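**Student:** structure of the sequence below:
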Amino acid sequence: MGAPPPVIASAFGSRLVDVDGREYIDYLCAYGPVLLGHGDPAIREAVAAAAESGTILGVTHPEEIRLAERIRAHLPSMERMRFVSTGTEACMSASRVARSFTRREKIVRFSGDYHGHSDEMIFSAGASSNSAPAIDAGVTKATASNVIILPYNDAGAVERCFAECGAEIAALFVEPVCANMGLVLPAPSYLESLRELTSKAGVVLVFDEIITGFRLALGGAQSIYGVRPDLTCIGKTLGGGLPIAAFGGREDIMARLAPDGPVFQGGTFSGNPLCVAAAHSFLDRLENDRGLHARLDALGRRLADGARRAIADAGLDYPVVQLGSIIDFMFREGAPHANFDQARAADRDAYARYYWKMLDAGIYLAPSPMEVMFLTAAHTERDVDETIAAISRSLT
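**Tutor:** You can find the predicted model right below:
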């Protein structure tokens, strides 16, 4: 954006406060983890209570098992799972176990999707990565040679790839709804085609639901689109603001993990009592408030509709995309972008100017045109209306 963003001192509800005492309506939301709002009281209480019995144990504890059972009830595809601390670890571990299960070395993923910052995931990715498959970015030729990058929303490209080298491919990673190159929805029948193609080729289908899991629905995007992957990675919202993630899926694939199988996976802080307690509190809220996602969707539509009016009033033709609590528009005209090449055609300089104007208006956005706007349960209609007014002034 041309300069560092403000340094944030505190957060509460839908607001951030910087070190100078300036308050902002927050749409960064920590890049997605904050769904209930900053500093949710119930989560704070749950974490404090858990700390009374120890903050880290290094071994399995009953609440960790109970959390896995609760997650499986909402995401039945996760027949077995392991907890980790971050989405990067979840995707990296899913890749490793898929390679062991298939005894194949290559993985397929899509340009603009972001699966964390491990070596095999960081290049040709969305978000703020900007990394190339080159040693200048710390990526070796050997690593890059085992990763096949295809365009998102192009099932034909996957079919041709599998026809050429399907017997070498262990896994296909995909964000079922992309939120790291702006917001990109899957084309009709796209996810179903990926499921069919991977099944025929014996390739492990991995859904990266780090962002979409629990944010779009209790059952994630896979419950919305009705496609069951072989492995799923979840994180971000699960911890209610604390670092916890998980990967899991078919029992036969997960059986490759030690101690039953040859694949090691571990993490000092994985499944620690504090993060597990936060996750339980988070799921309590979602299970007891079944109207939450509908309210978030209504608020998201209110923001999207207001942004469309502001864009039109400014004489512009930028498409606005919204799904649940995720909203996005990029500085490019025409139909909503469907892949990374189209996303990169947006005017980055225009976004930077817009970013600073919105910041001046008290609206905190992601400092990258590839990111999206997130809503939380703490956002109000008044927050949204103030934001729409700021969008109108900033675009003008």
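
**Student:** now R309: which helix or strand?
**Tutor:** helix 292-313 (DSSP states H and E).

**Student:** give me the helices and strands touching whichever strand or helix holds A90, please.
**Tutor:** According to DSSP H and E, A90 maps onto helix 87-102. Using 3 or more Cβ pairs under 8 Å, 6 or more residues apart in numbering; DSSP states H and E, the elements in contact with helix 87-102 are strand 80-84, strand 106-110, strand 169-174, strand 204-209, strand 231-234, strand 245-249, helix 251-254. The C-beta positions use only the backbone N, C-alpha and C, and glycine is treated the same way.

**Student:** could you dump these to JSON lines with mean pLDDT, mean neighbour count and distance to P369?
**Tutor:** Formatted as JSON lines, these follow (pLDDT from 0 to 100; neighbours: other Cβ atoms under 10 Å; distance: least, Cβ to Cβ, whole Å):
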{"stretch": "strand 80-84", "mean pLDDT": "98", "mean neighbour count": "22", "distance to P369": "29"}
{"stretch": "strand 106-110", "mean pLDDT": "98", "mean neighbour count": "24", "distance to P369": "19"}
{"stretch": "strand 169-174", "mean pLDDT": "98", "mean neighbour count": "25", "distance to P369": "22"}
{"stretch": "strand 204-209", "mean pLDDT": "98", "mean neighbour count": "29", "distance to P369": "21"}
{"stretch": "strand 231-234", "mean pLDDT": "98", "mean neighbour count": "29", "distance to P369": "25"}
{"stretch": "strand 245-249", "mean pLDDT": "98", "mean neighbour count": "28", "distance to P369": "26"}
{"stretch": "helix 251-254", "mean pLDDT": "98", "mean neighbour count": "16", "distance to P369": "37"}
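
**Student:** in TSV, list these along with distance to P6.
**Tutor:** What follows is the helices and strands packed on helix 87-102, written out as TSV (distance: least, Cβ to Cβ, whole Å):
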stretch	distance to P6
strand 80-84	31
strand 106-110	33
strand 169-174	34
strand 204-209	30
strand 231-234	30
strand 245-249	28
helix 251-254	43
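
**Student:** for I149, which of the ones you listed is the nearest?
**Tutor:** Checking those against I149 by Cβ to Cβ gives strand 106-110 as the closest, at 6.5 Å.

**Student:** how far off centre is the helix or strand just after that closest one?
**Tutor:** Next in sequence after strand 106-110, counting helices and strands by DSSP H and E, comes helix 141-145. Its chain's C-alpha centre and that of helix 141-145 lie 25 Å apart, by Cα atoms, centre = their mean, to the nearest Å.

**Student:** so which of the helices and strands packed on helix 87-102 gets nearest Q222?
**Tutor:** strand 204-209 (5.8 Å).

**Student:** which elements pack onto that closest one?
**Tutor:** On a contact count with 3+ Cβ pairs under 8 Å, 6+ apart, strand 204-209 meets helix 87-102, strand 169-174, helix 190-201, helix 220-225, strand 231-234.
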